[in-house]
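1. turn this into a structure:
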Amino acid sequence: MSLVRLARLGAEAAKNNFYRLERPYKLTFAITYRCQSRCVTCGIWKMKPEGELDIKEIEEFARKNPYFRWIEITGGEPFLRADIVEIVRAFSRNCKGLYVLTMPTNSLCNKEMALSKIEEMLSMGIPKLSITVSLDGYKEMHDSIRGVPGNFDKAIEMFKGLEALKKKHRNLYFVFGYTLSKQNQNAFWRTFNEVKARIPNLRVNNFHINIAQVSESYYKNGESNIAADRMVAADVVMEVLKRRKAEAGAIPVMEDIFLNRLVDYLVDGKQPVKSKSLDASLFMDSFGDVYPSIMWGRKIGSIRESGYYLDKIWNSEAAGEVRRLIDEGKEPSSWTACEAYQSIAGDIYGSVISRRRRVSNARI
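-> Modelled structure (predicted):
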């Protein structure tokens, strides 16, 4: 079953190299904007959301749109939804071709509760469940950036708990997520060494590297001065690439390509691969509002208003206008994992064949 679902996901991505898809195969869904973190790089935690989609609405949406092969759950902090297992089950039950489900965590919820819920998800038959444990610095730095004393220790314990689950569930994949920003751009290797002292078998491959970006519509940080120095960040990513080991599997392979193109994005300041927003993927917020991506706050519809059918929004004039702007290169430039992976898969020539790996012992 796992190989069949992966093959079908691969077939959708392959078709997307040649023409626009009739419907998306990836959904990025913020199930809540509630968050216990107090991050200096993000303003989501300042929101006081009311009227978020309830489980019955989510179940109806999953039932009426059963074609997703890849679902990325995000937040806020996803584990603040007491019904997170029911949310995942709704998609697992209805989306029979679902291959991978991904989600981040800040590790601030009760560890035993979160791990218990992850284990329930792992038992649903989803071929791949991927968890990203947020970690933005060594102990003092991470706790300062996240605004919560003790958060570093909780992230370490969450990772160790996932290691234990992995021994029983081969479909679990997990990494630390390090978001490079002005605050921590020079701290990655100190962070890595400090974590390795606590987790001796740690490898560079156990870290996913992202770049802090500004988005008033999603991160609510439009006035923030958080951007890392592009050249400093590029040097960090290149060194990570040098130290990464070749690893089998769709996610590690895509991560290598993502990091290589992240270097291009940092050096050139341009989106390195054409976007597949409103083609292979979309972003839906916790209220059911639909956007091209997490970085582009151009609302194109509401599933509550469309009777929970995505097709009505997907084929609307508003969606067509956004696609025209994307074709004209007018989409805001960004390079986030939420949108990059499907863009890579939908442009194999631009992403793999013609990509260049920048290797230098000096600053770029």
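2. for Leu172, give me its contacts.
-> Residues near Leu172 by Cβ atoms under 8 Å, 6 or more residues apart in numbering: Ile118, Leu122, Leu129, Ser130, Ile131, Leu162, Leu165, Lys166. All C-beta atoms are positioned from the backbone trio N, CA, C, and that covers glycine.
3. cool, and Arg304?
-> Glu57, Phe287, Gly288.
4. highest neighbour count among these?
-> Neighbour tally across the contacts of Arg304 (other Cβ atoms under 10 Å): the maximum, 20 neighbours, falls on Gly288.
5. quick one: residues contacting that residue.
-> If you count contacts by Cβ under 8 Å, 6+ apart, then Gly288 has Leu53, Glu57, Phe61, Ser302, Ile303, Arg304, Tyr308 around it.
6. and those residues, which are buried?
-> Burial by neighbour count, 16 or more other Cβ atoms under 10 Å: within the contacts of Gly288 this picks out Leu53, Glu57, Phe61, Ile303, Tyr308.
7. what's the first-to-last distance across stretch 237-253?
-> This stretch, stretch 237-253, spans 16 Å end to end (Cα to Cα, to the nearest Å).
8. and Ala228, backbone torsions?
-> Per-residue torsions, Ala228: phi -70, psi 150 (degrees, to the nearest 10).
9. so it sits against Phe188, correct?
-> No - applying Cβ atoms under 8 Å, one finds Ala228 not in contact with Phe188, separated by 10.6 Å.
10. touching both of those two, which residues are there?
-> Counting by Cβ under 8 Å, 6+ apart, the shared contacts of Ala228 and Phe188 are Leu180.
11. other SSEs contacting the host helix or strand of Asn193?
-> If you go by DSSP states H and E, Asn193 is part of helix 188-198. Counting contacts by 3 or more Cβ pairs under 8 Å, 6 or more residues apart in numbering; DSSP states H and E, helix 188-198 packs against helix 139-146, strand 172-180, helix 230-243.
12. just to revisit the earlier point, highest neighbour count among the contacts of Leu172?
-> Greatest neighbour count in the contacts of Leu172, by other Cβ under 10 Å, goes to Ile118: 25 neighbours.
13. would that residue count as being in a strand?
-> No - counting by DSSP: H, G, I helix; E, B strand; the rest coil, Ile118 falls outside a strand, being helix.
14. where are the low-confidence patches of the protein?
-> 351-364 (pLDDT under 70).
15. run the last query once more with 80
-> Along the chain, the parts satisfying pLDDT under 80 run over 1, 222-224, 349-364.
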